[in-house]
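*Asks:* Sequence first, then the predicted structure, then my questions.
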Amino acid sequence: MALGYQQVMPKVTTQLEGDKDKIIKAVIVGTGIPFLLYIIWNAIVLGNTMAGPVLNPIGTDPVSLLQNDGHPLLG
């Protein structure tokens, strides 16, 4: 991760012409979007988004549902 940071930050700094506010915004947005996608993915996989009794009865594994009952490509 440190090597990626050392390669990316000089490029970002050069492209944004050293403007501190733009650099901070780019770093926060650039790390925030993947972080939000990761959180959403975890919520879906762990079944936290399917809290209703119809969608997720107690003891149901959402991953096994995708593998067994989902679309054939998902299995």
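*Replies:* Great, that's in hand. The model shown is predicted, which means the values in this text are computed figures rather than measured ones.

*Asks:* This protein: helices as residue ranges?
*Replies:* Taking DSSP state H, the helices of the chain run over residues 2-15, 20-45, 62-68.

*Asks:* Could you dump these into CSV and include mean pLDDT and mean neighbour count?
*Replies:* Where you see a C-beta, it was placed from the backbone N, CA and C, and this is true even at glycine. Below are the helices of the chain laid out as CSV (pLDDT from 0 to 100; neighbours: other C-beta atoms under 10 Å):
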stretch, mean pLDDT, mean neighbour count
helix 2-15, 81, 10
helix 20-45, 88, 11
helix 62-68, 65, 13
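
*Asks:* And Asp19, how far from Val12?
*Replies:* Going from Asp19 to Val12 by C-beta to C-beta, to the nearest Å gives 11 Å.

*Asks:* Check Gly18 too.
*Replies:* Gly18 sits 10 Å away from Val12, taking C-beta to C-beta as the criterion.
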